[in-house]
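Student: Structure for the following, please:
(one chain, ligands or ions: 1)
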Amino acid sequence: ARKTNDSGIVVIGLGRFGCHLAGSLLQLDHQVLAVDRNPERVQRWSEQLDRVVQADSTEEGALRQLGVADFKRVVVAIGGSVEASVLTVLALTELGIPQIWARATSEKHAKILASVGAHHVIFPEAETGERVAHLIVSKMLDFIEFGDDFAIAKVRVPAAMVGRPLRELAPTERYGVMVVGAKLPGERFRYAGPDTVLERESVLIVEGSIGQVQRFAGLG
Ligand code: ADP
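Tutor: Numbers count the residues shown, from 1 in each chain. Below is the predicted model of the structure:
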């Protein structure tokens, strides 16, 4: 059996998305092997990232030589060229990589990536665009949607709720949302309970359906 590199992650394509991803993985204490075919990109990132190599990732042999086959997780961060991204995913499936993450730049690209064997398809432009649209048109301060109409949001305290404990406010009965956390400026979030008293400056974490969470945020 081959020895797999369980904690390391290969990032292919050091464009704007790939380099942010590689930097964040490093901050999370994971080893990163970064691959790009452009020598200037490789040169530019060689100081910030610990291992950056120049190679054409559509070539299975090149990936094999770099030891990519020993990694459990590989992210294809190439966006601009659908062909390069798809051929890279194919090469990775040939190597038998157990977790291939691939970035799509359109719905069709996403479908192709899934059909050639990517295990996780991410679509950062679409996901960020949708999230930011929600933030712009609602009063939510932050927002994550999990599908099946369930969301968690960061919201301000509705003015009418200041100074009263959650037990009395009964947000679940009245608004259908569960208040799971609260924090004052400069403090950390704490779990909210029936005795939590909401203050004017508090920020809350609430969960519920998207409509319920938005309506609750709108009261603030
Ligand atoms: P972004 O939108 O994140 O800036 P780009 O698609 O512009 O992404 O950048 C993708 C990166 O992937 C570029 O640095 C490019 O050199 C690299 N790349 C493209 N094709 C290949 C390939 N076949 N092998 C390795 N790297 C590639």
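Student: Tell me which residue in this structure sits closest to the ligand.
Tutor: Among the residues of the chain, residue 15 lies closest to the ligand, at 2.3 Å counting by Cβ to the nearest ligand atom. The way it works is simple: take the backbone N, C-alpha and C, and place the C-beta from them, glycine included.
Student: sec struct for the closest residue in space to that residue that isn't next to it in sequence, please.
Tutor: Nearest residue to residue 15, sequence neighbours excluded (Cβ to Cβ, 6 or more residues apart in numbering): residue 79, at 6.0 Å. Following DSSP: H, G, I helix; E, B strand; the rest coil, we place residue 79 in the coil state.
Student: from memory residue 79 sits against residue 13, does it?
Tutor: Yes. In terms of Cβ atoms under 8 Å, residue 79 counts as a neighbour of residue 13; the distance is 7.2 Å.
Student: can you map out the helices along the protein?
Tutor: Assigned by DSSP state H, the helices in the chain fall at 16-27, 39-45, 60-65, 82-95, 107-115, 124-137, 166-169, 171-175, 210-218.
Student: outside of the shortest one, which residues touch it?
Tutor: Yep, that's helix 166-169 we're talking about. 161, 179, 192, 193, 194, 195, 196, 197, 198 (Cβ atoms under 8 Å, 6 or more residues apart in numbering).
Student: hmm, 10 Å instead?
Tutor: 157-158, 160-161, 172, 175, 178-179, 182, 192-198, 204 (Cβ atoms under 10 Å, 6 or more residues apart in numbering).
Student: picking up where we left off before, what's the overlap in contacts for residue 79 and residue 13?
Tutor: 85, 103.
Student: ok, those two, which is more surrounded?
Tutor: A count of neighbours by other Cβ atoms under 10 Å puts residue 13 above the other of residue 79 and residue 13, at 27 against 20.
Student: That one and residue 119: what is the separation?
Tutor: With the distance defined as Cβ to Cβ, to the nearest Å, residue 13 ends up 17 Å from residue 119.
Student: Let's see the distance spanning stretch 5-22 from one end to the other.
Tutor: 16 Å (Cα to Cα, to the nearest Å).
Student: got the buried residues for the top strand by length along the chain?
Tutor: Using DSSP state E, we find that the single longest strand of the chain is strand 5-12. Neighbour counts over strand 5-12 (16 or more other Cβ atoms under 10 Å) mark 5, 8, 9, 10, 11, 12 as buried.
Student: Adjacent strands (with direction) for it?
Tutor: strand 32-36 (parallel), strand 71-76 (parallel) (DSSP bridges).
Student: export the ones you listed to CSV and tack on distance to the ligand, mean pLDDT and mean neighbour count?
Tutor: Below are the strands paired with strand 5-12 laid out as CSV (distance: least, Cβ to the nearest ligand atom, whole Å; pLDDT from 0 to 100; neighbours: other Cβ atoms under 10 Å):
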stretch, distance to the ligand, mean pLDDT, mean neighbour count
strand 32-36, 4, 97, 25
strand 71-76, 9, 98, 24
